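Trainee: Build the 3D model from these lines:
(chains A and B)
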There are 2 protein chains.
Amino acid sequence: MMQDDALRASSYVDASRLLDSIETLAHFGAGEDGGVDRPALSPTDIHARRHLIERAITLGCTVRTDACANLFFRRAGLEALPPVMTGSHVDTQPTGGKLDGCYGVLAGFECLAALNDAGIQTRRPLEVAAWTNEEGTRFQPGAMGSSAFVDPGLLEHYYPAKDGDGITLAAALATHCEAFPTLETRAVEKAAHAFIELHIEQGPLLELANIPLGVVKGIQGVRWYAVRCKGVAAHAGTTPMHARHDAMTLAVRIRAEIAALAHQLGGDDTRITFGRWTVLPNSINTIASEVTFSIDFRHPDPAVLGAFDRKLLDCTARNAVTSEALFIHPPVDFAPAVIQRVADACHALGVPSLSITSGAFHDAMYLAKHCPSAMLFVPSRGGISHNPLEATDDDHLVLGARALAHCLVNLCNEAP
Amino acid sequence: MMQDDALRASSYVDASRLLDSIETLAHFGAGEDGGVDRPALSPTDIHARRHLIERAITLGCTVRTDACANLFFRRAGLEALPPVMTGSHVDTQPTGGKLDGCYGVLAGFECLAALNDAGIQTRRPLEVAAWTNEEGTRFQPGAMGSSAFVDPGLLEHYYPAKDGDGITLAAALATHCEAFPTLETRAVEKAAHAFIELHIEQGPLLELANIPLGVVKGIQGVRWYAVRCKGVAAHAGTTPMHARHDAMTLAVRIRAEIAALAHQLGGDDTRITFGRWTVLPNSINTIASEVTFSIDFRHPDPAVLGAFDRKLLDCTARNAVTSEALFIHPPVDFAPAVIQRVADACHALGVPSLSITSGAFHDAMYLAKHCPSAMLFVPSRGGISHNPLEATDDDHLVLGARALAHCLVNLCNEAP
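Mentor: Predicted coordinates:
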């Protein structure tokens, strides 16, 4: 009986094996502070990928790649139907932790192993994906792999992207090809049946609510801008204050204006961050000639996001500075049928769950355009992520994988 | 009559020869933008020094060096008395102009030539110095040559300083020795009789006042600090505003506090600059975990500088951030007798002058500890310096050299 298979798969999730696999993957790019630094397609990332490929072969999966170096680990189904997909990414932030992305991929692997151990066969194939360059740290924009999977036409725009050393994405992809010359290419197929991404919350809401699983109904929309403020370089000792055009003085004033308008428009759901700053010439005794800072504004309401765009333009025009949109994404609503499968899994395991909107981007943001998608969250201790201290209780990690196994099996056994 | 000699020397200053010499020296390290990039003791600096040495020999001077590769070009006096010194430096900022430092050295050479042409003999020797590494761009700290001349014990602390390529000052000094193997070493002598440094203002005050010469009464004191603000790295999308510890939010608040206290303590004479910023991890979608910014605070009043130190400590303690003193120098008061000679020269030439405090550091800041010293400024167009656009009207350049010749001759003829 199908329902039995879903519960049985859950019960075959092996806590030690899952937790060990997380520690093992974290060795690739491990820092002394317990964190991980594994830039997309870097040597450490390629080592990590080799480890995953070898494990997938041991699990009896076929392993394939595509033009953006996404990896696909497929467990065969009984019928020639579109697969159910799960997975996430294994690249990290420069000061990242062990779980962001990796947990979703490794929980996918744990489901493959659990199905093998339980001797369960599913109607549809089950495919775990590791999407390339989700973090967007080495190459901008992020989520290159998943977005190019959904819209292959994007790839030609991504190829010229350069990392901090001037290496293009195209060159990094060529290096990946050379590292895995025998890897089969995944042919373009009919859309997947469904996609579920299991991820750490990377925020404090589940912990604050003391609820171990989050059923993710969507992802808030985002605006990324760069604001460039020009001044005039001059000597810090000789230039009277009234004769200065200090780009940093201008920049911090505009930062305050933008923060105020974001809060005014967005209320309690506002998330506004000014995380990246470039100061020229960045010298102790020279007044700054140019300051560029980033805006990351997120909100679940498209009307608020639109109003922010307009007010920002007013603000930059009024202050005679320039802004450049770096990335814009509308809020995403996940598929009700898949959300329901996730909620059912929590229910079947007897675990309370919280309906939640994701504050972070995920590969599922793009997969939602490709096939019915949803996400499942486990709590992040202290809400901390993008940080070596990123952590989730072992029990929650295991529970997330059990719930994932449950809904994947049910989705895999759905009729065409 | 001595006064006549001073005026006669002024009148022998040759405008074309002075201006040509500035253009000629600017060839060593010339950029396409009209600027000069001549790091201290670099191959271009050594070429420039060779050019100066050859010219000094042609002018009949003895040429000597010392352990910090300062160059001394001496025109003999009639009596065995301590010399009167002038000069400045010929190293430049990476994006420097033709005048900062070079003008003072070349105007010194022009005085040597004018004295020769006028057939004037002075009681005391006249010595033009080119001080090593004033800018502090290749090796830190700046003004190494002049400070080590005044306090030779500093040199052993300077030797290990490394440039961006890892070359030590000691190695660069050895290269200089090899380039000029026959150069005589200047023996340690009694202190000089006086030092006058002619320099471009590098600020807007003379231009704003429409006055061609500045009689510099001193150099304002300076405090350089680095303030480090710690936060907690967290995800820009998932972390509610109230749960954040954003190091940049903290840093801009503290910057505003420090700016306010600087103005409150220092009034109109305040110069406060926050020029250098380091943001970690400097990522669009991560809340900053650490922001370090520099303070450059200058003021002519030592009481204000001391009060600033104390209030800054209060501020950093109150905000639980740390500050580190990077460089501290008290205000320098130049010698009234030498200031008077400079003012007399302006008066004798019938040129209006402004009594002014230098906002920038100069080699004279250190020479003032060695012997009675003062400075003479000419205007900087638009107040611009440390920039290829650095410029001074030809008339002003010539006037500055004439005034320098006048006061040097009078000082050279002073009784022991």
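
Trainee: Please count neighbours and contacts with C-alpha atoms only from this point.
Mentor: Noted.

Trainee: From chain B, how far off is the residue nearest to A:V227 when sequence neighbours are not counted?
Mentor: Counting by CA to CA, 6 or more residues apart in numbering or on different chains, A:V227 lies nearest to A:S323, which is 4.3 Å off, once chain neighbours are set aside. The span separating A:S323 from chain B equals 14 Å under the rule CA to the nearest CA, to the nearest Å.

Trainee: In terms of helices and strands, where is A:S323?
Mentor: Following DSSP states H and E, the helix or strand that holds A:S323 is strand A:322-329.

Trainee: ok so, going back, wait, doesn't the residue nearest to A:V227 sit right on A:W224?
Mentor: No: using CA atoms under 8 Å, A:S323 is not in contact with A:W224; the gap is 10.1 Å.

Trainee: Give the intersection of the neighbour lists for the two.
Mentor: Residues touching both A:S323 and A:W224 (CA atoms under 8 Å, 6 or more residues apart in numbering or on different chains): none.

Trainee: residues in contact with A:V215?
Mentor: A:339, A:342-343, A:353-356, A:375-377.

Trainee: Which one of the residues you listed is nearest to chain B?
Mentor: A:I356 (11.1 Å; CA to the nearest CA).

Trainee: ok so, going back, what is the burial count for the residue nearest to A:V227?
Mentor: By other CA atoms under 10 Å in any protein chain shown, the residues close to A:S323 number 20.

Trainee: residue ranges for the helices of chain A, please.
Mentor: Residue ranges of the helices in chain A, as given by DSSP state H, are A:2-11, A:15-26, A:43-58, A:102-118, A:144-150, A:155-158, A:169-179, A:205-209, A:247-266, A:302-318, A:336-348, A:364-370, A:394-412.

Trainee: ok, residues contacting the fifth one?
Mentor: Helix A:144-150 is touched from outside by A:68-70, A:131-134, A:136, A:154-155, A:158, A:363-364, A:366-367, A:369-370, with contacts defined as CA under 8 Å, 6+ apart.

Trainee: Of those residues, keep whichever come out buried.
Mentor: The neighbour-count criterion (16 or more other CA atoms under 10 Å in any protein chain shown) marks A:68-70, A:131-134, A:136, A:155, A:158, A:363-364, A:366-367, A:370 among the contacts of helix A:144-150 as buried.

Trainee: between these, which is nearest B:L41?
Mentor: Nearest to B:L41 out of those is A:G136 (CA to CA; 42.7 Å).

Trainee: from what I can see the closest one touches A:Y158, true?
Mentor: No: counting by CA under 8 Å, A:G136 stays clear of A:Y158, with 11.4 Å between them.

Trainee: Can you tell me which residues in the stretch 301-416 of chain A are near chain B?
Mentor: Neighbours of chain B within the stretch 301-416 of chain A, by CA under 8 Å from any CA of the partner chain: A:358-361, A:383-387.

Trainee: domain ranges for chain A?
Mentor: Per automatic domain parsing, the structural domains of chain A span A:2-220+A:332-412, A:223-329.

Trainee: who wins for proximity to B:H199 among those domains?
Mentor: domain A:223-329 (12.9 Å).

Trainee: now the lowest-mean-pLDDT helix or strand in chain A and helix A:394-412, what's the angle there?
Mentor: Of the helices and strands making up chain A, the lowest-confidence element is helix A:2-11, at a mean of 86, by mean pLDDT, DSSP states H and E. With axes from the mean of the first three to the mean of the last three CA atoms, to 10 degrees applied, the angle from helix A:2-11 to helix A:394-412 works out at 150 degrees.
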